[in-house]
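Enquirer: Pasting the sequence and the predicted model now:
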Amino acid sequence: MEWRIQFCTTPDGVRIAYAVEGEGPFLVVPPGWVSHLDLGDEKSPARALGQSLAAHHTVVAYDKHGSGLSDRDRTEFTLEKELEYLETIIDHLELKRLALWGSSQGGPIAIAYTAKYPVRISHLILYGTYARGSDITRVSVQESIIALVRAHWGLGSKTLADLFMPGADADAVDGFSKFQREASSVEVAASLLELIYQVDVTDLLPQISAPTLILHRQGDRVMPFRLGRELAASIPNAHFIPLEGNIHPPFLGDSETLLNHIVEFLGTGRNKESEASVAQTEIQQTYKRKLAAILCADVQGYSRLMTDDEQATIRTLTAYREAMTTLIQTHRGRVVDAPGDNLLAEFASAVEAVQCAVEIQKELRTRNSALPETRRMEFRIGLNLGDVVEEGDRIYGDGVNICARIEGLSDGGGISISGTIYDQVKTKIELDYEYQGEQSVKNMSEPVRVYRIRSETKADDARDDEPDKVRRIY
């Protein structure tokens, strides 16, 4: 099959090399770490795996900025930049619907893109990857590996090859070591390693709505098996398949079993034109936009409660969630999703959303008063009025993302609201609103006004001094 290497340019002028191979629905593959599209012949294991996938799909691979055939002069290493490179290629190819396969460091990049553009992603595949880099290994080990790479790239690349390919023969280890050194400079390699350990996309996992397949080899020394299990437990309805073996690169070891699972998950491809037509029709029929008042809630200190007494925590969570659901329905809202200790709901009215949140916190305070202090379960609540994408019974988009960030600014037992909610309710519901300023929100270019609804009583004479802020409290 033809391996077509081409180039596109990011908004800030960086040239990114990418390759396209095959026919059928698009499968985009962010690089796992350092890469080089022009190294290795058609018989190499990596190309063989790509060609097998390209039998039914149009496979798109690329080199990161700083690696391979892409521009090498890189100084900024952030997840946001990695996401920008992926966005550039997808927009350049004008892809409206695609599958993503993220391996190793490519996993968080694929997760971030899927959370940001849920309508575009038909399937998400995650192999040998992670959500929070600090969970991979101890800080001392992280620092030792990075220091070794910086001090001696030759020895560092061989050490990494030994970790990636335990038990491989000397020629294979030497070949992979050479590949790493030719794909990247020592400084770029070390900086990308640092980025691996710094990334944290755990807060995005509950937002993933695309069908998700998670594959992880049980003996992987680079990305421990537990990281795959944690991903599967946090992504709604994810399908987790443990694989035998200890080789990290997907194209080595038992790649045939891995390939079979991926092909089965993606399904056989139709031709590109009919697939694009069908996908666009599905989007038009299934997705629509609307304005909604959104409520996000989660338990403060949930991990501690589970560690102390798992069964009691589950019983309390179940009872509290049932009470919250009843109040949400009473205020003409609906629960959209409730994974783990989280809850997402929507309302047609900002007023009813705020009234419901106040009633929820009142009810939970009453219930908590009957529990020992160490067993009390306090929910943080965030509210936002914003644009959402509706797919069947689920909602996604910036409106939901902002709500989740605002909830994270709330205290246990508290309520934080966006400026869009405040503007709708400030003259309709008499509460004590405390302005918390403009807050930077992850993945949003503009800051968001945030207010906290205070729960302590104000003196009556204060009402005369602050008529816009002080109202009846809950």
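Expert: Great, that's in hand.

Enquirer: ok, for residue 449, nearest residue in space, not its chain neighbours?
Expert: residue 419 (2.9 Å; Cβ to Cβ, 6 or more residues apart in numbering). To be clear about C-beta, it is placed using only N, CA and C from the backbone, and glycine gets the same treatment.

Enquirer: got a list of contacts for the longest helix belonging to the chain?
Expert: The residue-count maximum for a helix in the chain (DSSP state H) belongs to helix 310-330. For helix 310-330, contacts defined as Cβ atoms under 8 Å, 6 or more residues apart in numbering pick out 295, 297, 299, 302, 305-306, 334-335, 338, 341, 343, 345, 347, 356, 359-360, 363-364, 367, 371, 375, 377, 379.

Enquirer: Show me what the helix or strand containing residue 288 is packed up against.
Expert: According to DSSP states H and E, residue 288 maps onto strand 287-299. Using 3 or more Cβ pairs under 8 Å, 6 or more residues apart in numbering; DSSP states H and E as the contact test, the elements touching strand 287-299 are helix 310-330, strand 343-347, helix 350-368, strand 379-391, helix 398-408.

Enquirer: tell me the mean pLDDT over the shortest one?
Expert: The average pLDDT for strand 343-347 rounds to 95.

Enquirer: can you state the direction angle for it and helix 398-408?
Expert: 120 degrees (axes from the mean of the first three to the mean of the last three Cα atoms, to 10 degrees).

Enquirer: Put the alpha carbons of strand 343-347 into PDB.
Expert: Output of strand 343-347 as PDB, limited to C-alpha atoms (Å, rounded to 0.1, in the frame of the first residue of the first chain):
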ATOM      1  CA  LEU A 343     -23.700  13.300  39.100                       C
ATOM      2  CA  LEU A 344     -24.700  15.300  36.000                       C
ATOM      3  CA  ALA A 345     -28.200  16.800  35.600                       C
ATOM      4  CA  GLU A 346     -29.800  19.300  33.300                       C
ATOM      5  CA  PHE A 347     -32.700  21.700  33.800                       C
END
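
Enquirer: and it, which strands flank it?
Expert: strand 287-299 (antiparallel), strand 333-337 (antiparallel) (DSSP bridges).

Enquirer: what's the following helix or strand after the longest one?
Expert: Scanning the chain past strand 287-299 towards its C-terminal end, the next helix or strand to appear is helix 302-308 (assignment: DSSP H and E).

Enquirer: Would you mind pulling the contact partners of that next one?
Expert: 299, 313, 316, 340-341, 374-375, 377.

Enquirer: Report the buried residues of it.
Expert: Neighbour-count burial for helix 302-308, with 16 or more other Cβ atoms under 10 Å as criterion, is recorded at 302, 305-306.

Enquirer: With stretch 55-69 instead?
Expert: 56-69.

Enquirer: Let me see the domain layout of this protein.
Expert: Under automatic domain parsing, the residue ranges defining each domain of the chain are 4-269, 287-465.

Enquirer: relative to strand 379-391, how tilted is the strand holding residue 288?
Expert: 160 degrees.

Enquirer: could you measure the residue nearest to residue 68 when sequence neighbours are not counted against residue 222, distance?
Expert: Computed as Cβ to Cβ, 6+ apart, the closest residue to residue 68 that is not its neighbour in sequence is residue 36, at 3.9 Å. Computed as Cβ to Cβ, to the nearest Å, the residue 36 to residue 222 distance reads 19 Å.

Enquirer: Over to residue 357?
Expert: 44 Å.

Enquirer: Going by how many neighbours each has, rank these two and give me the top one.
Expert: The neighbour count for residue 357 versus residue 222, taken as other Cβ atoms under 10 Å, is higher for residue 357 (30 against 22).

Enquirer: list the contacts for that one?
Expert: The neighbourhood of residue 357, defined by Cβ under 8 Å, 6+ apart, consists of 295, 381, 383, 415, 453.

Enquirer: Could you find the lowest-pLDDT member of those residues?
Expert: residue 453 (94).

Enquirer: Could you name the helices and strands sitting against the helix or strand where it lies?
Expert: If you go by DSSP H and E, residue 453 is part of strand 448-454. In this structure, strand 448-454 packs against helix 350-368, helix 398-408, strand 415-418, helix 419-425, strand 432-439, with contacts taken as 3+ Cβ pairs under 8 Å, 6+ apart.

Enquirer: Just the CA atoms of that strand, as PDB, please.
Expert: C-alpha atoms of strand 448-454 as PDB (Å, rounded to 0.1, in the frame of the first residue of the first chain):
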ATOM      1  CA  VAL A 448     -15.500  32.500  33.600                       C
ATOM      2  CA  ARG A 449     -17.200  34.600  36.300                       C
ATOM      3  CA  VAL A 450     -17.900  32.500  39.400                       C
ATOM      4  CA  TYR A 451     -20.100  33.100  42.400                       C
ATOM      5  CA  ARG A 452     -20.500  31.200  45.600                       C
ATOM      6  CA  ILE A 453     -23.900  30.800  47.300                       C
ATOM      7  CA  ARG A 454     -23.200  31.400  50.900                       C
END
